[in-house]
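Student: Just to be clear, the model below is a prediction. Sequence and coordinates:
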There are 4 protein chains.
Amino acid sequence: MVKLDKLEVTVLGASGMAGQEYLKLLSKHPFFEVKHITGKSSVGKKLKEVVKFDEGKIDESLLELTIEKTDVESMKSDLFFSALPTNEALYIEQELAKRGFKVISDASAYRMESDVPLIIPEVNPDHLALVEVQKRRRSWSGFIVTTPNCTTVGLAIVLKPIYDYFGIEEVVVTTMQALSGAGYPGVPSLDIIANVIPYIENEEEKVSNETLKILGTLEKESIKLANISINVSCNRVSTINGHLESVFLKTRKSFSLEEVKNILASFKGKPQLLKLPSAPEKVVILDERKDRPQPRLDYMAGSVAGMSVVVGRLRKASSQNSLMLTLLSNNVVRGAAGGAVLTAELMFAEKML
Amino acid sequence: MVKLDKLEVTVLGASGMAGQEYLKLLSKHPFFEVKHITGKSSVGKKLKEVVKFDEGKIDESLLELTIEKTDVESMKSDLFFSALPTNEALYIEQELAKRGFKVISDASAYRMESDVPLIIPEVNPDHLALVEVQKRRRSWSGFIVTTPNCTTVGLAIVLKPIYDYFGIEEVVVTTMQALSGAGYPGVPSLDIIANVIPYIENEEEKVSNETLKILGTLEKESIKLANISINVSCNRVSTINGHLESVFLKTRKSFSLEEVKNILASFKGKPQLLKLPSAPEKVVILDERKDRPQPRLDYMAGSVAGMSVVVGRLRKASSQNSLMLTLLSNNVVRGAAGGAVLTAELMFAEKML
Amino acid sequence: MVKLDKLEVTVLGASGMAGQEYLKLLSKHPFFEVKHITGKSSVGKKLKEVVKFDEGKIDESLLELTIEKTDVESMKSDLFFSALPTNEALYIEQELAKRGFKVISDASAYRMESDVPLIIPEVNPDHLALVEVQKRRRSWSGFIVTTPNCTTVGLAIVLKPIYDYFGIEEVVVTTMQALSGAGYPGVPSLDIIANVIPYIENEEEKVSNETLKILGTLEKESIKLANISINVSCNRVSTINGHLESVFLKTRKSFSLEEVKNILASFKGKPQLLKLPSAPEKVVILDERKDRPQPRLDYMAGSVAGMSVVVGRLRKASSQNSLMLTLLSNNVVRGAAGGAVLTAELMFAEKML
Amino acid sequence: MVKLDKLEVTVLGASGMAGQEYLKLLSKHPFFEVKHITGKSSVGKKLKEVVKFDEGKIDESLLELTIEKTDVESMKSDLFFSALPTNEALYIEQELAKRGFKVISDASAYRMESDVPLIIPEVNPDHLALVEVQKRRRSWSGFIVTTPNCTTVGLAIVLKPIYDYFGIEEVVVTTMQALSGAGYPGVPSLDIIANVIPYIENEEEKVSNETLKILGTLEKESIKLANISINVSCNRVSTINGHLESVFLKTRKSFSLEEVKNILASFKGKPQLLKLPSAPEKVVILDERKDRPQPRLDYMAGSVAGMSVVVGRLRKASSQNSLMLTLLSNNVVRGAAGGAVLTAELMFAEKML
């Protein structure tokens, strides 16, 4: 792949935890060069003054960037990565797209719009065709491409090859989600110490709706949702990174465990074929040890740390044609910035940027 | 209820955490008086020398008891509560029953034997009729009555009234279990800090098999297992007490949410009717706050602390005739010593002791 | 003690965690009856709608109280307990005192004013004489009496009898403070999970300055600070309640360990002599087990739960005339609401209210 | 530095957590090649079968090594690293030295023997001269060199330059030690969750005695202990790696804060001069942020991860000529395997192996 010039990118909402994850992943990136970062309460400060937890993993040159105001009037960039909170994303992303800019967003604001692609590069890269629908319908010269909620990503990746081979009728999933999923300051320590909180606002609906869209079929100008009954319970547990999901699913066709293992372990998508920089060799890592995956031990698994989904405890369930497994998905890498960067890499490689 | 004399009881395996819980609950008990406690590594010591964590909640007189050897030859008591490890329970409980003694056991050794009752007093008190079958078949003058695994109890209690009214076809349950469920020393801190372990040895089979037996029907000389497809995933989380269970279930008949709320909230059993000392007023506490139950906040809920099961997040699921809820059951009280003591109280009240 | 009428009291800042602790301790109090509670963001709601964590421990009638605006113009009460944040306390407490009201405050705003008593009832009840100085100097008909920072209290209580018998030249103390000390929402979970934060804003200065005042001598119209060199390091650890303090101290006279044990174990103050309702039998509990006190196990120690300071690991240090010990003090009871209520009880008994 | 051949080394006690840390650090080491690993309960298994937590950080070839019996009769190696438990170290290390082998040990068994060097390479490399005394006195052709307790190391490193410049009269240190310091399975989770344990068996004596030896002066045939009064309190907290130590010290000469900062920040030893592979550029990292060092964020600080000691919160104390600071030292790297490997590198470079 010949790369003459890097694209100049802006990270919107770079001072939050999600934003900082972008800066880590875009440090010395072969396709993209961060030129601007924007924020709100810390405008005028350098990134290095506001960074939390992981300053050592962000390139020195990026730490020196000054946080700018998120100003739709004056911002210019080849590409905008958005780590904005939903309410801000709603206005700003649209205004940028109107003005002809390309936006790849991890915010939930536009995910469920019928003409906005909601992308996991290995799962539904064909949905990117919606970009043209979107531009035409809205008369935008730019566009918005979105990536899913951090809890959706791991689930949709694991369901995809099973869905393709055996069909899926029903899914029951209970999540045990990490604290970093709530951002910073996020969950008060007094709420979660020696505790589990069996509720995360709006999360269950998102996981259900987004999964159906991602596994859905592109039909002319929109996505036909997948016909699966998805039932989700979300819990917050006292882990730092990595969303653990206990999954039960019922297939339409019968299967053998060996078949499922094979299709999971061999699952590959365009990013692997194109050898994109953030594409892990294995989309799914199958761990056959009896007590894995574990968030603290496995959240950085894979050839590109944090981009593989780890699946363990794969077993037949007692209900017919049904299967149980536990998956772990890195919520800050694959489930947020990493998924967006991989989407951008795919669009770059496919000359959509 | 006239009580002339208290029964003299022995607690087997009293030096472990489960055993100590018995001593708490039997402190100043109106029916039972602990006369002997047995142990293994700490024989000859006083209970107060080995007690962990909760010495303040055990009656002074019991703290002064000396731990004796668990010796089937010499032990005598009106009733034996067994908190023995499975392998020891296997031999000792049987030998005691042969010798004419009455044993109520929380150990798993005999739970699934066809002529051994596995009792939750509010759920299947009629199964106690197996005692006579057991005595006759085995030519024992004594008997063994068992109580379920700590994770089974909460689930079976909540399923019972729903099963009776609407039938249940399928259950999918993911547990988030407390550290105390593994005893002491139990789970190493390095394994569980900032982590979840998605596996507990033998636990899933126990929950599934025991629930089917408890919800089963007494037919002449044995229990016909309930016809439910149960699928269980067990996880260890970093909480101290209280097993949280995320439950999905499919009923045979259609239901309204209001109906389910009503039958859960009004569920009562013999212990409530007989006003047994350890019977909570509400078997199930329905908590309608959106983020409850929580282990740290709710594990001692109820009029008899730790004996009620708290149910929250009750909602219709997207699959047909299906329901989701989160339940919390105190694993050391209702799920262990408390369940056994309540069983003993019921048998005492029914003149079976 | 004949009590004809209870005093009617107002709790200022009742909707926060500190405020709720007052409501627990004032539930069915023999001297005081809470008639009003005030707050800020939750004005108009009932207490039961905003209470966190411990609703079960507050009297039903108090849970029904409506949170009022903290309005110096209109509020009236026999006594005001203040759990206000410092900045609000600064204005409101003074305005109340000016208007003739009696204020007992746990806020830091006035603690170090030369004419404001900073009281631990067992340690320096004579400092209450400053109330008259304060009223005269400021021409107030009411007054402000303060209680110390939660970390100061345990330290000052333990130092007091040693100081009286042997003199103290130098103290080095390192604290390991509970999350509840930071209020709610307080410390973000991502900051403290599997971590220690070796800094608490302004805390070290408070502990040092307040201890010198409390151990100081009342001289005519002010307190002569104690002549001790105090060196404090404050750390936040991942515990829920109970500040643990590792203390090294150098006495002026030589001592034997037995002597120190005796004076600590027998330490009593006016609250014990007057048998005040919130006075624990033992001000200091000496725990000789080698690994105590521990926050989770011991924070509610004592005949009045949470009002005793537990001292363990008492030993001679290698430096001359020096001593080491570890103390645990309940930061929400003895270190906050409980200390203020006990102060009020003392003033009530001494007819100062 | 010309390296013709690597030394062939054996790691004794390689199956425990400390042993595994050696394997990480010796993966692809320029001087040493691990040829044998020994263990006890897992003899005959491959390392990869027993490794906990960090398999990804150990070289593939080492994971394939088979755990051998620790057999003094048959073992041969250019160098033995010992991660044995104390009681085993006592016999085995001596037998190996008798037989002419070179042993570098992190076990406590021989640390305080008068003719055994207790080495921190940057602090007291001259103490290695004791090796000759030891060989002569004991008529051994081999030798034992020891490295200190994990809690001693950070303290001794920070004290050294201050001691050299200003003298030290007294030290008071309170530690907050990580769970990994207790090995595996180590501390039961039920003991430490939401808790602090203010006691670690034998630890305080070790820290005190070892520090005095390390800072002591080599005089002919033994070490004259440093003349410092050291007072230590050890606590276990709920962190994974990194011992945090809150230090108060009194110097003999007066100092300015700037001077202390300079001598700490510029402290270098032989390992830095010789540019040994495991020598961090900065022995001490001075962190001027107000709330650092923090175990979770800083335990891998430095150019060789985990080999630098991080010092923060440096400030004058209220006592005369006294100083307070908080230090963080990685207990599994610098405080154990890393310290031993660096010692071996130094001896290798100085042709003592």
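Tutor: Now that the structure is in, tell me what you want to look at. Because the structure is a prediction, the values reported are computed rather than measured.
Student: Quantify the burial of residue A:76 by counting its neighbouring residues.
Tutor: Taking other CB atoms under 10 Å in any protein chain shown as the criterion, the count of residues near residue A:76 is 13. Where C-beta positions appear, they are placed from N, C-alpha and C, glycine not excepted.
Student: what about it, is that helix, strand or coil?
Tutor: Three-state assignment for residue A:76 (DSSP: H, G, I helix; E, B strand; the rest coil): coil.
Student: if you go through chain A in chain order, where are the strands?
Tutor: Counting by DSSP state E, chain A has strands at residues A:7-12, A:32-39, A:67-69, A:79-82, A:102-105, A:143-146, A:168-177, A:217-219, A:222-224, A:229-236, A:243-251, A:284-287, A:309-316, A:322-329.
Student: May I see the ones you listed arranged in a markdown table, with mean pLDDT as well?
Tutor: Putting the strands of chain A into a markdown table (pLDDT from 0 to 100) gives the following:
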| stretch | mean pLDDT |
| --- | --- |
| strand A:7-12 | 97 |
| strand A:32-39 | 97 |
| strand A:67-69 | 96 |
| strand A:79-82 | 98 |
| strand A:102-105 | 98 |
| strand A:143-146 | 98 |
| strand A:168-177 | 98 |
| strand A:217-219 | 95 |
| strand A:222-224 | 95 |
| strand A:229-236 | 98 |
| strand A:243-251 | 98 |
| strand A:284-287 | 98 |
| strand A:309-316 | 98 |
| strand A:322-329 | 98 |
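Student: could I get the ones you listed as JSON lines with distance to residue B:43 and mean neighbour count?
Tutor: Rendered in JSON lines, the data for those read as follows (distance: least, CB to CB, whole Å; neighbours: other CB atoms under 10 Å in any protein chain shown):
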{"stretch": "strand A:7-12", "distance to residue B:43": "66", "mean neighbour count": "23"}
{"stretch": "strand A:32-39", "distance to residue B:43": "66", "mean neighbour count": "21"}
{"stretch": "strand A:67-69", "distance to residue B:43": "68", "mean neighbour count": "17"}
{"stretch": "strand A:79-82", "distance to residue B:43": "67", "mean neighbour count": "27"}
{"stretch": "strand A:102-105", "distance to residue B:43": "67", "mean neighbour count": "25"}
{"stretch": "strand A:143-146", "distance to residue B:43": "66", "mean neighbour count": "27"}
{"stretch": "strand A:168-177", "distance to residue B:43": "41", "mean neighbour count": "26"}
{"stretch": "strand A:217-219", "distance to residue B:43": "70", "mean neighbour count": "12"}
{"stretch": "strand A:222-224", "distance to residue B:43": "70", "mean neighbour count": "16"}
{"stretch": "strand A:229-236", "distance to residue B:43": "43", "mean neighbour count": "24"}
{"stretch": "strand A:243-251", "distance to residue B:43": "42", "mean neighbour count": "26"}
{"stretch": "strand A:284-287", "distance to residue B:43": "43", "mean neighbour count": "21"}
{"stretch": "strand A:309-316", "distance to residue B:43": "40", "mean neighbour count": "22"}
{"stretch": "strand A:322-329", "distance to residue B:43": "42", "mean neighbour count": "25"}
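Student: Off-centre distance for stretch A:260-273?
Tutor: For stretch A:260-273, the gap between its own C-alpha mean and the chain's C-alpha mean amounts to 18 Å (CA atoms, centre = their mean, to the nearest Å).
Student: okay, that stretch in PDB with CA atoms only?
Tutor: Included here for stretch A:260-273 are C-alpha records, laid out as PDB according to Å, rounded to 0.1, in the frame of the first residue of the first chain:
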ATOM      1  CA  VAL A 260     -18.700 -23.300  16.200                       C
ATOM      2  CA  LYS A 261     -15.100 -23.300  17.400                       C
ATOM      3  CA  ASN A 262     -13.800 -23.400  13.900                       C
ATOM      4  CA  ILE A 263     -15.900 -20.600  12.500                       C
ATOM      5  CA  LEU A 264     -15.100 -18.400  15.500                       C
ATOM      6  CA  ALA A 265     -11.400 -19.100  15.400                       C
ATOM      7  CA  SER A 266     -11.200 -18.600  11.700                       C
ATOM      8  CA  PHE A 267     -13.400 -15.500  11.500                       C
ATOM      9  CA  LYS A 268     -11.700 -12.900   9.400                       C
ATOM     10  CA  GLY A 269     -12.900  -9.700   7.700                       C
ATOM     11  CA  LYS A 270     -11.700  -7.000   5.300                       C
ATOM     12  CA  PRO A 271      -9.300  -5.500   7.800                       C
ATOM     13  CA  GLN A 272      -7.400  -8.700   8.100                       C
ATOM     14  CA  LEU A 273      -7.300  -9.200   4.300                       C
END
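Student: Buried residues of it, list them for me.
Tutor: Neighbour counts over stretch A:260-273 (16 or more other CB atoms under 10 Å in any protein chain shown) mark A:260, A:263, A:264, A:267, A:269, A:270, A:271, A:272 as buried.
Student: which of those are close to chain C?
Tutor: Among the buried residues of stretch A:260-273, proximity to chain C is found for none (CB under 8 Å from any CB of the partner chain).
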